[in-house]
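Peer 1: 3D, please:
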Amino acid sequence: MGQLPVVMLDTLSNSLLVASEEISWLAKNLLTPQDKNYVWAATTSNIFGVNDIRPRVGRFEIPWNPNSIFSIPDLEQTFDKTLPQVFDARAVEIYNQAQSQNKRIVIQWSGGIDSTAMVCAFVKNFSAADLQRIIICTTTDGIIENPYFYETQIRNRFELLHLRDLDFSDQFLDQHILLHGDPGDCIFGPSVGKYRMLWQDQQYLRSWKDSKAILYHLYHDNTNLDFAPWFVDAVSNNLAELQEQGLYTRIKTISEWHWWVYYNLKWQGSIMRTPAWFKQNLKATVSQKNLQDFCDSCFYAGTDFQVWSYQNLSSLFDNIQHNHKIQAKNYIFELDANVHYQQTKRKEISLVPRWDTSLVVDQQGVHYNSNEPGAIELIKELLLQ
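Peer 2: Residues are numbered from 1 along each chain as shown. Okay, the predicted model is just below:
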């Protein structure tokens, strides 16, 4: 399947699929303020939302150096597809995969832009009979977030599964392909909240190389004055070293610098939210095949989405908040003709209930909480090596 990302589970560092925000709390209790790694441990969860920073490419100055299992494809390849064509092709690709494996497709639908566009891709490309293979996993909150779409496109068309009944387990994954809206934010760029304060005088369009002072100010943290220079320099050095090799040279502005933070550093932590959040038996292992298939079938991780995003960087950023993800909203509008959603819907924190977040999830999908000696030993190995 040509669009699948290259996923390398065998390169997983320290056997961790994902580390949660709680690692920040534990790290602060294992380190002292004099430790050079304390700055990272103390504050990164406030920046990323997921405290699992894994560079997909290049050097990044963090106290432990985990490799992402997701490589980056050739982003400069010849490419002429429109975003609707990318959506359509990815839906057909995954549907054909499900059909060949005799599996059903479960789509986690929150009502938000990314998951709604994903549902649209299947509705647009398959008959009512074909759609019987698909199950929509949602909650009342998801329906409330996008009631018109639920009434016109989901209700009486799809079988429903409540999110509380979702279980990231071998029993489930043996029979289903599980799709979710991540890493949509990494494809369409970070929320404008990341650079809204720079709209004045179009500062967000300034060269990132000449704007260190602006970025230091943007990430200033009164509780840790060392954080902003460390974080900004680490990201900038990572990108500068790669651009010196002739790579990713389209990334020029402050807003595109933020895109790189999400695309290069947040990718794996974003995709692994589902294994971290929706597992009923936290100690049950998940087979490497099922973990591999879950990664490979991640909807927005398809190569064409990544290439489209990079080659259309300048179109992803605007100084109007409602224009964020406008390309995906236009794709949705082609199906449901909901002007209100298209013109007013903006990025929100997904209102998804989840199980208690574990400290870490290992390479076999087993969860560890902070009160377990095994977890603490894993984190000590990471932080104190």
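Peer 1: got a pLDDT number for Gln243?
Peer 2: Gln243 is assigned a predicted lDDT (pLDDT) of 98.
Peer 1: correct me, but it touches Lys252?
Peer 2: No. Here Gln243 lies out of contact with Lys252, judged by Cβ atoms under 8 Å, at a distance of 9.5 Å. For glycine as for every other residue, the C-beta is placed from the backbone atoms N, C-alpha and C.
Peer 1: apart from its chain neighbours, what residue comes closest to Asp174?
Peer 2: Leaving aside its sequence neighbours, Asp174 sits nearest to Asn290 (Cβ to Cβ, 6 or more residues apart in numbering; 7.0 Å).
Peer 1: low-confidence ranges, the stretch 101-250 of the chain, go.
Peer 2: Along the stretch 101-250 of the chain, the parts satisfying pLDDT under 70 run over 191-195, 221-225.
Peer 1: residue ranges for the strands of it, please.
Peer 2: For the stretch 101-250 of the chain, the strands defined by DSSP state E, counting those that start in this stretch occupy 104-108, 134-138, 159-162, 176-179.
Peer 1: turn these into JSON lines, columns for mean neighbour count.
Peer 2: Converted to JSON lines, the strands of the stretch 101-250 of the chain look like this (neighbours: other Cβ atoms under 10 Å):
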{"stretch": "strand 104-108", "mean neighbour count": "21"}
{"stretch": "strand 134-138", "mean neighbour count": "22"}
{"stretch": "strand 159-162", "mean neighbour count": "13"}
{"stretch": "strand 176-179", "mean neighbour count": "23"}
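Peer 1: how about those in JSON lines, adding distance to Gln268?
Peer 2: Formatted as JSON lines, these follow (distance: least, Cβ to Cβ, whole Å):
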{"stretch": "strand 104-108", "distance to Gln268": "18"}
{"stretch": "strand 134-138", "distance to Gln268": "22"}
{"stretch": "strand 159-162", "distance to Gln268": "26"}
{"stretch": "strand 176-179", "distance to Gln268": "17"}
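Peer 1: for Ser169, find the nearest of these.
Peer 2: Minimum separation from Ser169 across these (Cβ to Cβ) falls at strand 176-179, 10.4 Å.
Peer 1: the closest one: partners in the sheet, and parallel or antiparallel?
Peer 2: Strand 176-179 pairs in its sheet with strand 104-108 (parallel), by DSSP bridges.
Peer 1: how about residues contacting the strand it pairs with?
Peer 2: Contacts with strand 104-108, where a contact means Cβ atoms under 8 Å, 6 or more residues apart in numbering, come from 94-95, 98, 115, 118-119, 122, 133-138, 161, 163, 166, 175-181, 274.
Peer 1: repeat that for stretch 280-300.
Peer 2: In contact with stretch 280-300 (Cβ under 8 Å, 6+ apart) are residues 1, 4-5, 7, 9, 17, 69-70, 90, 94, 97, 114, 118, 167-170, 173-174, 177-184, 186-187, 271, 274-275, 301, 355, 358, 363-367.
Peer 1: wait, Gly142 sits on Gly111?
Peer 2: Yes. Using Cβ under 8 Å, Gly142 is in contact with Gly111, at 4.2 Å.
Peer 1: which residues do the two both contact?
Peer 2: Tyr150.
Peer 1: now do the helices in the stretch 101-250 of the chain.
Peer 2: 113-125, 140-145, 147-149, 170-173, 184-188, 212-218, 227-244 (DSSP state H, counting those that start in this stretch).
Peer 1: how about those helices in a markdown table, adding distance to Lys345 and mean neighbour count?
Peer 2: Shown next, in a markdown table, are these (distance: least, Cβ to Cβ, whole Å; neighbours: other Cβ atoms under 10 Å):
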| stretch | distance to Lys345 | mean neighbour count |
| --- | --- | --- |
| helix 113-125 | 6 | 23 |
| helix 140-145 | 9 | 17 |
| helix 147-149 | 10 | 16 |
| helix 170-173 | 31 | 16 |
| helix 184-188 | 13 | 25 |
| helix 212-218 | 26 | 15 |
| helix 227-244 | 29 | 18 |
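Peer 1: possible to save these as a markdown table with distance to Ile53?
Peer 2: A markdown table is the format used below for the helices of the stretch 101-250 of the chain (distance: least, Cβ to Cβ, whole Å):
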| stretch | distance to Ile53 |
| --- | --- |
| helix 113-125 | 22 |
| helix 140-145 | 29 |
| helix 147-149 | 34 |
| helix 170-173 | 27 |
| helix 184-188 | 13 |
| helix 212-218 | 17 |
| helix 227-244 | 9 |
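Peer 1: nearest to Lys266, of those?
Peer 2: helix 184-188 (6.0 Å).
Peer 1: run through who's touching the closest one.
Peer 2: By Cβ under 8 Å, 6+ apart, the surrounding residues in contact with helix 184-188 are 113-115, 117, 191, 262-263, 266-267, 270, 300, 305-306, 308-309, 316, 324-325, 327-328, 347.
Peer 1: sorry, back to before: to Gln200, which of the strands of the stretch 101-250 of the chain lies closest?
Peer 2: Ranking these by proximity to Gln200 (Cβ to Cβ) places strand 104-108 first, at 37.5 Å.
Peer 1: picking that back up, now, which of the contacts of helix 184-188 lie within helices?
Peer 2: 113-115, 117, 267, 270, 305-306, 308-309, 327-328 (DSSP state H).
Peer 1: how much space between Tyr150 and Asn281?
Peer 2: 30 Å (Cβ to Cβ, to the nearest Å).
Peer 1: please read the previous query as pertaining to Gly189.
Peer 2: Relative to Asn281, Gly189 is positioned 37 Å away (Cβ to Cβ).
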